[in-house]
Structure formats: structure tokens, C-alpha cells
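Engineer: have a look at this fold, sequence not included:
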């Protein structure tokens, strides 16, 4: 298996020294640079967003600069009606799927990568990337961090500053470090 195939399969892979992965990240960084440095709302910025997300269909998706992606394209999917505020980071080696009508506050991070606790293996460049999945109609307050392998159900609100380390069921208000469900949300 290639290192990219291992990454996509959720296996340990060489993230730091594999030429193919380094080239993919450099390409995403270049496109992200173009997006972040284009005039807001310009055709150039929209074209860069299309290239970053690997789709021509970005109608209803609003992303404010700066934003950062490790890979973009097939690794991150933003649903229709999604709003991404300034300063968000998508560490998307394990894939990140955001449902429709998500509101993502400023400086949120979605982190799919995890590293070995053993420094010798970590220094070899090994990591594992686990997918993050977010349902429809979720709201993330400012500075929320979502950790590898987490699934957040539809209709959730994640309070500002929370660190989500485990799955959150549908229609939940979660907050804290680590985030815990504090209330079921009703009234839809």
C-alpha cells in the first residue's frame, strides 16, 4: 500500500517524509494561499474555493479567509448552506464531512490526525488519520476543536472553546474540555 492508501484506510502512515503526501499538502497550501489572498467575494477567490473543495458546486457555501486545509478536495466536504468563519483549520487527512447548514465559528479546528505516544515512532513521521463526521444544522461557537474520529449528530450546538473528544448524539448542546452533553435540544 502507498502511504496515501494507508492514510485513507485509517492505518499508521508516514505523514512527514512521503513524497506523494508532501506534494499533495503543498498543492493544497498553494491553493489555500490563493484563496486567502484573493479579494473577498472575487471570482479568483471562488475559483480557489472550487479547487480546494474539488467541486464546481459551491453555491450556498460561504468560507471566510483565512482558512486552512491540509489536503482539501476529496478529503473535506462542506454541505450546502455551510458558513465557515475566519481562521478555521481543516486537518483533513482522515476526511472531514460537514453536513448542510452548518455554522462554524471563528478559529475552529477539525483535527483528524493523531500521533504515536512513543517519541521514536513519532519522530519517524508516523500518524493515523481518523475521519470526522458532522450532521446537518450544527453550530460551532468560536475556538471549538474537534478531535480525530469524532461523529457529531445533526442539530447539535457545540459551545465556544469546547474540545470534542467523543461522539455527540443528535440535537445535543455540548460544552467543556472535554465536551460533554449538557442538554438535549428540542423544538424543531
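Structural biologist: Arrived safely. Every value quoted in this text rests on a predicted model; they were computed, and no experiment measured them.
Engineer: find the residue at the geometric middle of the chain.
Structural biologist: Taking CA atoms, centre = their mean as the criterion, residue 90 is the residue nearest the geometric centre of the chain, at 3.3 Å.
Engineer: how close does that one get to residue 120?
Structural biologist: 29 Å (CB to CB, to the nearest Å). C-beta: built from backbone N, CA, C; applies to glycine.
Engineer: and what of residue 79?
Structural biologist: For residue 79, the distance to residue 120 - CB to CB - is 41 Å.
Engineer: residue 96 too?
Structural biologist: Look at residue 96 and residue 120: by CB to CB, they are 29 Å apart.
Engineer: who has more neighbours, these two?
Structural biologist: Remark: of residue 96 and residue 120, residue 96 carries more neighbours, 23 against 8, as counted by other CB atoms under 10 Å.
Engineer: beta partners for the more buried one?
Structural biologist: Here residue 96 sits in beta bridges with residue 76, residue 132, going by DSSP bridges.
Engineer: for it, list the residues it contacts.
Structural biologist: By CB atoms under 8 Å, 6 or more residues apart in numbering, the contact set of residue 96 is 75, 76, 77, 90, 110, 112, 131, 132, 133, 134.
Engineer: show me what the helix ranked longest in the chain is packed against.
Structural biologist: For the chain, the helix that runs over the most residues, judged by DSSP state H, is helix 19-37. If you count contacts as 3 or more CB pairs under 8 Å, 6 or more residues apart in numbering; DSSP states H and E, helix 19-37 packs onto helix 3-8, helix 43-53, strand 67-69.
Engineer: and these, which is most packed in?
Structural biologist: Sort the helices and strands packed on helix 19-37 by mean neighbour count, taking mean count of other CB atoms under 10 Å, and strand 67-69 sits at the top with a mean of 21.
Engineer: got the contact list for that strand?
Structural biologist: If you take CB under 8 Å, 6+ apart as the criterion, strand 67-69 is touched by 28, 32, 35-36, 52, 75-76, 84, 86-90, 92.
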